[in-house]
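J.: When you get a sec, could you give me coordinates for this:
(one chain, ligands or ions: 1)
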Amino acid sequence: MVHLTDIVDRVRGYHSQADFELINKAFVFSSQKHEGQKRKSGEPYFTHPVAVAGIITEMKLDTASVCAALLHDVVEDTDVTVKQIEDMFGTEVGFLVDGVTKLGKINFTCKEDQQAESFRKMLVAMARDIRVLLVKLADRLDNMRTLEHMKPEAQARIAQETLEIFAPLAGRLGINWLKSELEDLSFRYLFPEAHADLAVKTKKVSRDQDRYISDVCKRLQKMLIERGFGADCSGRMKHLYSIYRKMRQTNCEFEQVHDVLAFRVLVENVADCYAALGVIHSQWTPIPGRFKDYIALPKPNLYQSLHTTVIGPGQRRIEVQIRTRDMHGTAENGIAAHWKYKERSSGPDSKDAARFAWLRQLMEFQHEVADPAEFIDSVKVDLFSDEVYVFTPKGQLKVFPRGATPIDFAYSVHSEVGDHCSGARVNGAIVPLRYALHNGDTIEIMTSPQQHPSKDWLDFVITGRARNKIRGHIRAEEHRRSIKLGRDLVERAFHKKDMSFARFLKSGEADRVATALKSQSLDDLFASVGYGRVAASEVYDAAMQDGTSADAMRPSFIERTVRKVTGDSTAGGIRIDDVDDVLIRFAQCCSPLPGDAITGWITRGRGVTVHRRGCLKAMELDPERRIDVSWSEAVKIARPVALRVTTADRPGILANVSAAFTESGLNIQEANCRVGADGQGVNLFQFLVDDAARLQVLMRKIQGLEGVYTVERA
Ligand code: MN
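T.: From the prediction side, this is the model:
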């Protein structure tokens, strides 16, 4: 077990000015808080944070990182709050502990392969500070090292997660030793048989290998010293998982895998790197296509080295990596190697500058990276990520550009969901539709059939998909409205000239007119009229171009008085069950009013005539032609009605009757007043009324006037 003194000694080894008091305080506080807790192995829980802090000191990180490592499970597992950590250890440590705690809450159950990359990106984006990631990786490494105490299912899950997410992340950050160890540990739990098999085989050859390795090292050293520059040479067997990966990639057995040995040559400067390469190539034959110059073109994670594979002694393929000692530090510790210098600077500004120095460097390097795929890959790892990572209610991860809203999310699910999105819940709470999504949010979309895309949405959606769908919907809606408007305008133009629009539609002329006016279809033509590109009168004129077609569109007398009812509209105010598109006319004899009890009679070729129930004229009609009709609800169409009112012949009576109309909100259109032979006033009033009940009220009112004898419908 690692002790406080070990940690302090190690930190002192690379940073003598560190705040040892703070580290001491964090050690004591964490041990008190974890007091009594046990790990699965039975050891005191506190051994875990101490081990994590030990790994952090191996990475040579700063005081805040060491404290954060010691305290990383305190908020999650005890009653301590982030606020308390901040109060006791400062905002920096508080921030790091908070970050590690938040990362711990992410559930990395990957269902699909491509999600792993998204998870890695999300981790980086959420960490916001590279040290949070480093503590998290150290935490994972210790958990992997002690995985044997977990149940098999947990082992498989944690190992899978490590192989898919954390090991590649360590690689991305350039920390090779961590990547290799995480990979080998995952390998052991995920493929126990393959691992055991390979471990035995490598061990078998290893005595052989050891001799071979030291032989090659000696020869390398000798040939370089003869050329006049000193070099450290070392060799090793590649780590198990990388051999296994190679076997899988090349479909080979272990015995057939070449270059399982990697040699490293450390020299003084860059010039020596190339010189050493020349020397090696002159002695041992290089294998074509295996030379890589990561010095001229560093990897995005800052890795620099020359790689070559040669036919070494005994005709064996060996890989040789040549680099300077500085480059080696970067290769082993990656980002962490740059991080350790941070503490030397002072003041918040320079601290921040140092914090992101590696990133700037990373960005600068990226301009020189040759492989565009690699470039894009690495750009996405930056801390200034342009993306947000959110979850569906089922836990599926989705990636959006920063600033995306619930509407963007809804359209990514399905365009129907987007079109009817009426609200959203984020982590259970209702948010406005223009809410900007945050990393880690769980989004639930509420829909309503009444909701439709609004023009306002275009002000805040971010994704092209949402924008296109909303625009498309608005365009379609405008198109529909334009067709209807255009149709109304053309119909009005026909009526103004006393021509039948219905006949025009039924005639073959309609298509001809559409083509003549350069429209694809009649709807297109109406839309053009609606948009104002074509005048309604132009359509009329085109329809009347020759005399015969004009004749065909002259309406019959009946047509002038009938109304048309279509399935969905109740333009005529009459509903006939199961019958669409029927011509309706109201009988002149009884002039039914909305609200009157009515009956319909099918006429020969003229649709349906509607009579008031009990109309004497209707009684004469063929009862077999009778159909049930009723007034549509909520439809008010004004119908002409005539009232015959007989009065005493006295001045002022007509004025009172007229006032009764006004009080009822009705306008007399025509009045015919005369005095009969018997000295009674006989008055006929014509007016429009939309409701039988309303007419009743009026009639009662007139009946109640002084001097009025009778009131009846004419
Ligand atoms: Mn932990």
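J.: Tell me, how many residues neighbour the closest residue to Lys292 other than its chain neighbours?
T.: Spatial nearest neighbour of Lys292, chain neighbours left out: His307 (4.3 Å); criterion: CB to CB, 6 or more residues apart in numbering. To be clear about C-beta, it is placed using only N, CA and C from the backbone, and glycine gets the same treatment. Neighbourhood size, His307 [other CB atoms under 10 Å]: 16.
J.: which ones are touching His307?
T.: For His307, the contact set (CB atoms under 8 Å, 6 or more residues apart in numbering) comprises 290-292, 294, 319-321.
J.: Look at it and give its secondary structure.
T.: Each residue gets one of three states, and His307 gets strand by DSSP: H, G, I helix; E, B strand; the rest coil.
J.: elements contacting the helix or strand containing Gln696?
T.: Taking DSSP states H and E as the criterion, Gln696 maps to helix 692-703. Packing partners of helix 692-703 (3 or more CB pairs under 8 Å, 6 or more residues apart in numbering; DSSP states H and E): strand 639-648, helix 653-663, strand 708-713.
J.: Which residues of this protein lie near the ion?
T.: 73, 139 (CB under 5 Å from the ion).
J.: which intervals of the chain have sub-threshold pLDDT?
T.: In the predicted model, the chain carries pLDDT under 70 at residues 1, 107-128, 258, 300-301, 334-386, 546-583, 603-607, 624-625, 633-636.
J.: which residues touch the residue most central in space within it?
T.: For the chain, the residue nearest the mean C-alpha position is Phe409 (2.9 Å; CA atoms, centre = their mean). By CB under 8 Å, 6+ apart, the residues touching Phe409 are 390, 398, 400, 424, 437, 443, 445.
J.: Helices along the stretch 351-500 of the chain, start to end?
T.: Applying DSSP state H, counting those that start in this stretch to the stretch 351-500 of the chain gives helices spanning 357-366, 372-379, 406-413, 415-419, 464-496.
J.: The contacts of His307, buried ones only, as a ChimeraX selection?
T.: Here is the ChimeraX selection string for the buried members of the contacts of His307, based on 16 or more other CB atoms under 10 Å:
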select :294,319,320,321
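J.: Narrow the contacts of His307 to those in strands?
T.: Residues from the contacts of His307 lying in strands, with DSSP state E as the criterion: 292, 319-321.
J.: and those as CSV, adding distance to Ser454?
T.: Listed next are those as CSV, based on distance: CB to CB, whole Å:
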residue, distance to Ser454
Lys292, 55
Glu319, 61
Val320, 65
Gln321, 60
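J.: Can you name the two of the residues you listed that sit furthest apart?
T.: Maximum pairwise distance in the ones in strands among the contacts of His307, criterion CB to CB, is 11.3 Å, between Lys292 and Val320.
J.: shared neighbours, the two?
T.: 307-308.
J.: For Arg316, see how far away the residue nearest to Lys292 is.
T.: 17 Å (CB to CB, to the nearest Å).
J.: can you check Gly230 too?
T.: Distance, Gly230 to Arg316, by CB to CB: 26 Å.
J.: quick one: which of those two has more around it?
T.: Between Gly230 and Arg316, counted using other CB under 10 Å, the more crowded position is Arg316 (14 against 11).
J.: Is it correct that Ile158 is in contact with Met150?
T.: Yes: if you go by CB atoms under 8 Å, Ile158 and Met150 touch, sitting 6.9 Å apart.
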